[in-house]
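# Next input, structure requested:
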Amino acid sequence: MKVLFVTLDGLGDRPAPELDGKTPLEAAHTPNLNKLASYGIMGLLNSLSPGIAPGSDAAHFVLFGYSLDEFPGRGVFEVVGEGLNLNYEDVVLRASFASITEENGCLKIASRGISAEEEVCRELAKEITDDEIEEVNIRFVYNSKRQGIIFMNSGVSTDITDSDPFCNDLPVIKIQPMLDAKNKKKAEVTAHALNTYLRKIYLKLKDHPINIERIKRGLPPLNFLLTKWASRRKRLISFYDKFGFKAAMVASSVLFKGMASEIGMDFIELPYLEDVHKDMKRRFKIASDALNGDYDFVHVHTKAPDEAAHTKNPLFKKEVIEKLDGAFGSILSEFDDDTLIVVTSDHSTPSSGSLIHSGEPVPIVILGKTVWVDDIKEFGERACLRGGLGRIEGCNLMNIILNFTDRAKYFGSRPTVLNTAHRPLKVNPFKVWF
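All right, here's what the predicted structure looks like:
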């Protein structure tokens, strides 16, 4: 059997007063997702653990069957996705231009979602030169859309805080070594070097002619780099070797492009269409073509529910979910009986309140010829409480998929030198003559 694995990013939510106490998914008219529910087994999924609010990076990494101990950090995926060379020694961070003001000697975020022309960002990026601080080499590479990457080498650590507080009501964070740093001295050196580097950037950019001119025109200056996701590359077992699937990913972002590369999935890159319904239908069509071709596992991702939730408008998120549901209308005819269909999400994104993501579980439906069918007829958070799949965590999902596709290895057997959960496609044959 082959696998279609769909993640509707940020689908889960909380009850909203505007929706009579329902979540956007529960309030939405979703006849097609409900039809899938009626043909499959339902449950609730926490990609990590109950109450944990993960990002899409760690959530998908675990859903693909990797442990958090193997997680290199989002920075690595961003660097690889940007097409930059990366070794296994450097520490990398995502760095974004922001507008900063001084308040009582501290730096405070004035604006982070700045609308700035690419040429402005590129001109300012030229002012950010390579540096060496206490024998730590630091360089900045600008990518696009105010985003770049900081590379650090020479005995540095990933065990440092972000400088980005991820909100506008906190000051820029002084980078500090983590209390549980594996090497406290290296973490201290890394934090000090990066703080010094960012301070130099601020002092250089705040009086730059471009920013002085922007202020005169009533525009926010781009005078600081906010940093996050300090990461170091790790050597990962490929998805094919771990699970025996030749896999592809149909997605759009740098993050997923980098993750696909690091775990050995082929990446089918699609720019988003403005029409959510048409965009999702196109993703399903490409996935169908891939499964009818060389691939036996295809992941389809859309960011639409997550982006809708970040507007903090439950009604808008409900409308987006309804448009996505329309694209599921032909899914049962598009994919044959030899395809296991999995539809879920990576995390909940509340469309009200102050949280970026939250720790509620998300619905999951699995349908295929080997799957029990429960009596749940609705694809929604509370309906899934009664589903036959029960409550599962992300680390369980790939084993469940292997089982339903008749690929699960008999536990305890050792047919190959790599101890995996799937039945091997090939073994090393015993020969009469050595």
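
# Checking Lys35 next. Helix, strand or coil?
At Lys35 the chain is in helix, as set by DSSP: H, G, I helix; E, B strand; the rest coil.

# residues near it, how many?
18 (other CB atoms under 10 Å). For the C-beta atoms, the positions are set from N, CA and C on the backbone; glycine is no exception.

# so who does the closest residue in space to Val172 that isn't next to it in sequence touch?
Spatial nearest neighbour of Val172, chain neighbours left out: Leu107 (4.1 Å); criterion: CB to CB, 6 or more residues apart in numbering. Residues in contact with Leu107 (CB atoms under 8 Å, 6 or more residues apart in numbering) are 100-101, 171-172, 202, 224.

# CA atoms only for the helix or strand Leu107 falls within - export them in CSV, please.
Element membership for Leu107 (DSSP states H and E) is strand 106-111. What follows is strand 106-111, C-alpha atoms only, in CSV (Å, rounded to 0.1, in the frame of the first residue of the first chain):
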residue,chain,number,x,y,z
CYS,A,106,17.3,48.9,26.5
LEU,A,107,16.1,47.9,23.0
LYS,A,108,12.4,47.6,22.4
ILE,A,109,10.7,46.3,19.2
ALA,A,110,8.8,49.0,17.5
SER,A,111,7.8,46.9,14.5
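
# pLDDT on that strand, on average?
For strand 106-111, mean pLDDT is 87.

# how far is that strand from where the chain is centred?
27 Å (CA atoms, centre = their mean, to the nearest Å).

# Buried residues, it. List them.
Neighbour counts over strand 106-111 (16 or more other CB atoms under 10 Å) mark 107, 109-110 as buried.

# Out of these, which comes closest to Pro429?
Nearest to Pro429, judged by CB to CB, of these is Ile109 at 62.4 Å.

# Bridging across strands, which residues link to the closest one?
In this entry, Ile109 is beta-bridged to Ile100, by DSSP bridges.

# Just give me the longest helix of the protein.
Across the chain, the helix with the greatest residue count (assigned by DSSP state H) is helix 184-205.

# Just the CA trace of that one, in CSV.
Written as CSV, here are the backbone C-alpha positions of helix 184-205 (Å, rounded to 0.1, in the frame of the first residue of the first chain):
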residue,chain,number,x,y,z
LYS,A,184,28.8,26.3,29.9
LYS,A,185,32.0,28.0,28.9
LYS,A,186,31.3,27.6,25.1
ALA,A,187,27.7,28.8,25.6
GLU,A,188,29.0,31.9,27.5
VAL,A,189,31.5,32.7,24.8
THR,A,190,28.8,32.2,22.1
ALA,A,191,26.3,34.5,23.8
HIS,A,192,28.9,37.2,24.5
ALA,A,193,30.2,37.1,20.9
LEU,A,194,26.7,37.3,19.4
ASN,A,195,25.6,40.1,21.8
THR,A,196,28.6,42.1,20.7
TYR,A,197,28.0,41.4,17.1
LEU,A,198,24.3,42.5,17.2
ARG,A,199,25.3,45.6,19.2
LYS,A,200,27.7,46.6,16.5
ILE,A,201,25.1,46.1,13.9
TYR,A,202,22.6,48.3,15.7
LEU,A,203,25.1,51.1,16.2
LYS,A,204,26.0,50.9,12.5
LEU,A,205,22.5,50.7,11.1
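
# which other helices and strands contact the next helix or strand after that helix?
Downstream of helix 184-205, the first helix or strand assigned by DSSP H and E is helix 209-216. Packing partners of helix 209-216 (3 or more CB pairs under 8 Å, 6 or more residues apart in numbering; DSSP states H and E): helix 118-126.

# Fine by me, thanks again.
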